[in-house]
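Enquirer: Can you look at this prediction? I've put the sequence above it.
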Amino acid sequence: QIREIIAEEIRLAKAKVGKDNDVLALTPEEQELAENFSSNKGKLPWPVERGVIIERFGVQPHPVLRGIETFNNGVKISTEEGAIIRSVFDGTVSRIINIPGAGKAVIISHGDYFSVYSNLLDVFVKRGQSILLKEKIGVVLTKTNTKESVTELQIWRGSEKMDPSSWIFQAY
């Protein structure tokens with residue numbers, strides 16, 4: 001669903017400026033935002049104050065079914081109940097969606113980059129709203145049966161999925 005929404009956002013941006021090719025046409029402001037986002041690779045803040053990556057980007061073994069692999073579009077971060085989810089960079093809220101059984105997700109545009117925050121219980125932002133770095137966008141969803149509080153962060157450049165762990169600051 002997120003891939004389809006990002007593809008639609010790209011189509012809308014191209015239609016706005018009359019482009020049919022694969023290059024996303026950006027306003028000068030959006031171009032500067034994208035360049036600033038790109039130059040901050042490895043320096044972006046975490047979307048939560050405290051957390052640990054529990055599932056990495058890419059192909060992963062299924063947690064229950066042996067011999068089955070899944071593909072993670074982002075990283076899953078375990079955090080504390082009631083944790084505030086914050087934007088990793090300035091941008092504009094593209095979409096807020098409900099994901100059956102997994103709460104809400106917020107998609108923020110950073111020029112031709114997108115950050116996606118999912119497994120949210122509450123959302124504090126609205127579609128079209130300008131967002132600043134570390135601005136509060138929602139509260140993590142805590143599963144009632146397991147008491148797990150896990151959020152997922154995805155980073156996309158256009159329709160290309162990127163590994164968020166290479167974008168967020170790593171303190172060793």
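Expert: Great, that's in hand.

Enquirer: Please enumerate the helices of this protein.
Expert: 2-17, 28-39 (DSSP state H).

Enquirer: Gly58 is nearest to which of those?
Expert: Relative to Gly58, the nearest member of those by CB to CB is helix 2-17, separated by 15.4 Å. Where C-beta positions appear, they are placed from N, C-alpha and C, glycine not excepted.

Enquirer: which parts of that closest one are buried?
Expert: Ile2, Ile5, Ile6, Glu9, Ile10, Ala13, Lys14 (16 or more other CB atoms under 10 Å).

Enquirer: before we move on, the earlier item: any chance of JSON lines for the helices of the chain, columns mean pLDDT?
Expert: Shown next, in JSON lines, are those (pLDDT from 0 to 100):
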{"stretch": "helix 2-17", "mean pLDDT": "80"}
{"stretch": "helix 28-39", "mean pLDDT": "89"}
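
Enquirer: closest to Leu153 out of those helices?
Expert: Of those, nearest to Leu153 by CB to CB is helix 2-17, at 11.9 Å.

Enquirer: picking that back up, let's have the helices of the chain in JSON lines, adding distance to Gly103.
Expert: As requested, the helices of the chain are exported to JSON lines (distance: least, CB to CB, whole Å):
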{"stretch": "helix 2-17", "distance to Gly103": "13"}
{"stretch": "helix 28-39", "distance to Gly103": "25"}
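
Enquirer: farthest-separated two in the buried residues of helix 2-17?
Expert: Of all pairs in these, the most separated under CB to CB is Ile2 and Lys14 at 18.8 Å.

Enquirer: which residues does the residue nearest the centre of the chain bridge with?
Expert: For the chain, the residue nearest the mean C-alpha position is Val116 (1.7 Å; CA atoms, centre = their mean). On the basis of DSSP bridges, Val116 is bridged to Ile107, Gln154.

Enquirer: so how far is Lys14 from it?
Expert: Per CB to CB, to the nearest Å, Val116 is found 20 Å from Lys14.

Enquirer: With Glu30 instead?
Expert: Glu30 is 13 Å from Lys14, where distance means CB to CB.

Enquirer: Equivalent analysis for Asn119, please.
Expert: Taken as CB to CB, the span from Asn119 to Lys14 is 30 Å.

Enquirer: before we move on, the earlier item: among the buried residues of helix 2-17, find me the one that's closest to Gly91.
Expert: Nearest member of these to Gly91, counting by CB to CB, is Glu9, at 11.9 Å.

Enquirer: That closest one contacts Val93, doesn't it?
Expert: No: Glu9 sits out of contact with Val93 when judged by CB atoms under 8 Å, with a separation of 11.3 Å.

Enquirer: Contacts only, for Gly42.
Expert: By CB atoms under 8 Å, 6 or more residues apart in numbering, the contact list for Gly42 reads Ser166, Trp167, Ile168, Phe169, Gln170.
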